[in-house]
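**Q** Sequence first, then the predicted structure, then my questions.
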Amino acid sequence: MELFSKAAGPIGVFDSGYGGLTVFDKILERMPAFDYIYLGDNARAPYGGRSFEVVYRFTREAVMRLFQEGCQLVILACNTASAKALRTIQQCDLPQWDASRRVLGVIRPTVELMDRLSHTKHIGVVGTAGTISSGSYQMEIAKMFPHIHVETEACPMWVPLVENNEYDSSGADYFVQKYLDRLFARDAQIDTLILGCTHYPLLLEKIRKYTPTGVTLLPQGEYVAQSLEDYLERHPEMACKLTKGGSRRFLTTESAGKFAEAASVFLHYPIEAESIQLTMNN
């Protein structure tokens, strides 16, 4: 018996909270014709400090829900989920559920640009504690570009600043400068900085303020959107399974009203959301 419908459906976009909306926004900008479902697991966010096992379980539940909603393709617009859950879902769950479906992350599309963008071949990565401790960026870069040196810095206070709407405060200046000073003190040759969390674009002005002149900043949304468009051009068999009605649905495990209010900070326009519960079914 099949777990999910084989009918064409929307593109699913998942994040532990609101940050993935910065990726979702860029995907919409580039490919507005498709139908989309965004799912934020806000009730259990943030994922950054959680264990591999918990992040995998939560992400698996979310992906399964998006498949149940008709999605044939799901983007993990969350660095922590991409770092801690993507590989296991791709290798272990998809073959059991439906080998024709796809789950893609945000780390690889970002890493693919590194050799072209960096002249010094010294890269910095800032992210949540979970993303940094996973070593995912270091491993991906080492696989593709072993000649590139990677320096990382966990920034545990940045997501709470954004989620509490304090990203433009003087307190944000303190924590942005603190972590960036640490990073560049360890490697002054860094010329490209990956913002390895989808919340960080809201801190972009402050990050730029405390980053040395000449360093290229890399928020992920634009590159993930470009990578997804390229992927669908290279895989027409998947593109034909995606519906194009221009619709957008927003699901959250938190209060629908709270999500809709906070989402407007990221998207700059009003939305309506639906509150759901995630449970492990299979």
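**A** Done, it's in.
**Q** next one: phi and psi at the closest residue to Met31 other than its chain neighbours?
**A** With CB to CB, 6 or more residues apart in numbering as the measure, Glu229 is the residue that lies nearest to Met31, at 6.0 Å, once sequence neighbours are left out. All C-beta spots, glycine's among them, are computed from the backbone N, C-alpha and C. For Glu229, the backbone dihedrals (degrees, to the nearest 10) come out as phi -60, psi -40.
**Q** contacting residues around the host helix or strand of Gly257?
**A** Using DSSP states H and E, Gly257 maps to helix 256-267. Residues outside helix 256-267 that contact it (CB atoms under 8 Å, 6 or more residues apart in numbering): 18-19, 21-22, 24-25, 40, 42, 163, 165, 202, 250, 252, 270-275.
**Q** For the helix or strand containing Tyr231, list the C-alpha coordinates in CSV.
**A** Secondary structure assigned from DSSP H and E places Tyr231 in helix 221-234. Extracted in CSV, the C-alpha atoms of helix 221-234 (Å, rounded to 0.1, in the frame of the first residue of the first chain):
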residue,chain,number,x,y,z
GLY,A,221,18.2,32.5,-0.1
GLU,A,222,19.2,33.7,-3.5
TYR,A,223,21.7,30.8,-4.1
VAL,A,224,19.3,28.1,-2.9
ALA,A,225,16.6,29.5,-5.2
GLN,A,226,19.0,29.5,-8.1
SER,A,227,20.1,26.0,-7.3
LEU,A,228,16.5,24.8,-7.1
GLU,A,229,15.7,26.3,-10.5
ASP,A,230,18.7,24.6,-12.0
TYR,A,231,17.8,21.3,-10.4
LEU,A,232,14.3,21.4,-11.9
GLU,A,233,15.7,22.2,-15.3
ARG,A,234,18.1,19.2,-15.0
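**Q** packing partners for it?
**A** With contacts defined as 3 or more CB pairs under 8 Å, 6 or more residues apart in numbering; DSSP states H and E, the packing partners of helix 221-234 are helix 20-30, helix 107-111, helix 236-239.
**Q** relative orientation of the following helix or strand past the shortest one and helix 256-267 in degrees?
**A** It stands for helix 236-239. Next in sequence after helix 236-239, counting helices and strands by DSSP H and E, comes strand 248-252. Strand 248-252 runs at 120 degrees relative to helix 256-267, counting by axes from the mean of the first three to the mean of the last three CA atoms, to 10 degrees.
**Q** what angle separates strand 248-252 from helix 20-30?
**A** Using the same axes, to 10 degrees: strand 248-252 against helix 20-30 is 170 degrees.
**Q** What pairs with strand 248-252, parallel or antiparallel?
**A** strand 36-40 (parallel), strand 274-275 (parallel) (DSSP bridges).
**Q** how about the helices and strands packed on helix 221-234 in JSON lines, adding distance to Thr152?
**A** JSON lines is the format used below for the helices and strands packed on helix 221-234 (distance: least, CB to CB, whole Å):
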{"stretch": "helix 20-30", "distance to Thr152": "21"}
{"stretch": "helix 107-111", "distance to Thr152": "13"}
{"stretch": "helix 236-239", "distance to Thr152": "33"}
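**Q** can these go into TSV with extra columns for mean pLDDT?
**A** Listed next are the helices and strands packed on helix 221-234 as TSV, based on pLDDT from 0 to 100:
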stretch	mean pLDDT
helix 20-30	96
helix 107-111	94
helix 236-239	96
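**Q** nearest to Tyr174, of these?
**A** helix 20-30 (22.9 Å; CB to CB).
**Q** Low-confidence ranges, this protein, go.
**A** For the chain, residues meeting the criterion pLDDT under 70 lie at 1, 280-282.
**Q** if you set the cut-off to 50 instead, what comes out?
**A** 282 (pLDDT under 50).
**Q** the strands in it, which residues?
**A** Taking DSSP state E, the strands of the chain run over residues 11-15, 36-40, 73-76, 102-104, 122-127, 149-154, 192-196, 216-218, 248-252, 274-275.
**Q** so which of the ones you listed gets nearest Pro46?
**A** strand 11-15 (10.2 Å).
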